[in-house]
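# whatever this is, show me its structure:
(one chain, ligands or ions: 1)
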Amino acid sequence: MNVLVIHGPNLNLLGEREPDIYGTMTLADLEQAIRSHAERLGHTTRFFQSNHEGALIDELHAQRGWADAVLINPGALTHYSYALRDAIAAIRPPTYEVHLSDITAREPWRAISVIRDACAGVHSGHGKQSYFHALDAVTVSERR
Ligand code: DQA
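Predicted structure coming up:
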């Protein structure tokens, strides 16, 4: 399957950004780990990161014909972007919400996800393993 992996605001600073919460892996390291896991499962990946809401929405639109599934870590947009939620609902490929940290165990505002109801699943709180779990879910959905 073709899997699009999208990262939102501030995730370009992984490795130096709040390492006690997000770890010391850079975004390049993380993407390489996701690519390797996806390849083991027989999937092809494309990656995109932006700090801009509209750019993320444009990428979802642009890749909606190529992607069979989407993994998205929208960063803080998770908690308030109805535009991103509607973009996810608008496209055909099932989208999986992914977070490095456990968003339910931090500040109360962070526990709210406005994109969740438009997503096929959510994988949160396990660092890079959150992405692996989402890829595993994509693989299971393929076999159904
Ligand atoms: C995050 C959690 C969000 O609340 C935060 O704004 C991020 C990263 C995570 O991966 O844990 O930027 O999505």
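# T95 and the ligand, how far apart?
14 Å (Cβ to the nearest ligand atom, to the nearest Å). Bear in mind the C-beta positions are built from the backbone N, C-alpha and C, glycine included.
# what bridges to the residue nearest to that residue when sequence neighbours are not counted?
Excluding its sequence neighbours, the residue lying closest to T95 (Cβ to Cβ, 6 or more residues apart in numbering) is V70, at 4.2 Å. Judged by DSSP bridges, the bridge partners of V70 are L4, T95.
# where does pLDDT dip in this structure?
For the chain, applying pLDDT under 70 flags no range at all.
# where do the strands of it begin and end?
In the chain, the segments counted as strands under DSSP state E are 2-7, 44-49, 69-73, 95-99, 121-124.
# count the neighbours of W109 for me.
Residues contacting W109 under the criterion other Cβ atoms under 10 Å number 10.
# what angle do the longest helix anywhere in the chain and strand 95-99 make?
Looking across the chain with DSSP state H, the single longest helix is helix 128-143. With axes from the mean of the first three to the mean of the last three Cα atoms, to 10 degrees defining the directions, helix 128-143 sits at 160 degrees from strand 95-99.
# about what we covered before: pretty sure the residue nearest to T95 contacts H7?
No. Counting by Cβ atoms under 8 Å, V70 sits too far from H7 to count as a contact (11.7 Å).
# same drill for the two, tell me which one is more crowded.
Each of V70 and H7 has its neighbours counted (other Cβ under 10 Å); V70 has more, 27 against 23.
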